[in-house]
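[1] Sequence and predicted model, in that order:
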Amino acid sequence: MRSPRAHRRIAAVVAALAVALAGCGAEDAGLGSGTPDLHVSPARSSAPVAGASQLVLAIENRGDGDDRLVGADTDAAIAVEVHRTVVEDDGRAVMRLLEDIVLPAGGTVRFQPGGLHLMVVVPDERVVVGGTFEVTLRFERSAPITVTADVVELLDLIETDGEGSG
């Protein structure tokens with residue numbers, strides 16, 4: 001049986017650990033300190049091809065702290081996924097599904113065809129040329145941001161500069 005003094009020491013150690021763990025968060029996740037300040041450009045989406053649409057936009061972080069895009073969703077499709085197109089050693093272009101994307105302080109991340117992009121999986125009847133639909137972007141540190149995507153032909157999307165304009 002432990003003495004009351006030993007119990008106090010154990011309680012002090014547990015309390016110190018609890019305080020230390022409570023401080024864990026974005027800094028320990030590799031995002032550093034500071035506060036992100038996210039701004040999203042106008043969004044454009046392609047009309048569906050083979051059951052999917054690409055969504056292009058840019059996310060600018062004007063803050064002094066990093067953030068992370070951890071997901072996106074819409075009620076106009078089954079899912080929205082983050083992909084990066086890479087060229088394999090044999091010359092084949094393949095898409096890789098990503099869990100998240102770091103949004104560095106003072107930087108801009110562009111989602112565009114042929115590279116980093118958002119894939120709208122099995123879009124519904126709202127995703128047609130001339131239509132619009134809402135997409136909500138979810139972040140690790142910042143509040144969700146909802147944008148309205150204008151739907152255009154795929155070729156028009158490819159000519160986009162990644163900031164929602166041609």
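    Happy to help now that I have it.
[2] Which stretches in the chain count as strands?
    Counting by DSSP state E, the chain has strands at residues 38-40, 43-46, 52-61, 67-73, 77-87, 93-98, 101-103, 108-111, 116-123, 132-139, 145-152.
[3] Reformat those as a markdown table; add distance to Ile158.
    To be clear about C-beta, it is placed using only N, CA and C from the backbone, and glycine gets the same treatment. Formatted as a markdown table, the strands of the chain follow (distance: least, Cβ to Cβ, whole Å):
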| stretch | distance to Ile158 |
| --- | --- |
| strand 38-40 | 20 |
| strand 43-46 | 8 |
| strand 52-61 | 9 |
| strand 67-73 | 21 |
| strand 77-87 | 12 |
| strand 93-98 | 14 |
| strand 101-103 | 21 |
| strand 108-111 | 13 |
| strand 116-123 | 11 |
| strand 132-139 | 19 |
| strand 145-152 | 10 |
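[4] Now mean pLDDT and distance to Gly32 too, for those, in a markdown table please.
    Output for the strands of the chain, formatted as a markdown table (pLDDT from 0 to 100; distance: least, Cβ to Cβ, whole Å):
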| stretch | mean pLDDT | distance to Gly32 |
| --- | --- | --- |
| strand 38-40 | 98 | 15 |
| strand 43-46 | 96 | 28 |
| strand 52-61 | 96 | 12 |
| strand 67-73 | 97 | 10 |
| strand 77-87 | 94 | 21 |
| strand 93-98 | 92 | 20 |
| strand 101-103 | 97 | 10 |
| strand 108-111 | 96 | 16 |
| strand 116-123 | 95 | 21 |
| strand 132-139 | 98 | 15 |
| strand 145-152 | 97 | 21 |
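[5] mind putting these in CSV, distance to Leu31 and mean neighbour count included?
    Formatted as CSV, those follow (distance: least, Cβ to Cβ, whole Å; neighbours: other Cβ atoms under 10 Å):
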stretch, distance to Leu31, mean neighbour count
strand 38-40, 13, 15
strand 43-46, 24, 24
strand 52-61, 11, 23
strand 67-73, 6, 20
strand 77-87, 17, 16
strand 93-98, 16, 10
strand 101-103, 7, 19
strand 108-111, 14, 18
strand 116-123, 19, 20
strand 132-139, 10, 18
strand 145-152, 17, 18
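[6] so the residue positioned nearest the centre of the chain bridges to which residues?
    Residue closest to the mean C-alpha point of the chain, counted by Cα atoms, centre = their mean, is Leu69 at 2.4 Å. For Leu69, the beta-bridge partners under DSSP bridges are Ile101, Phe139.
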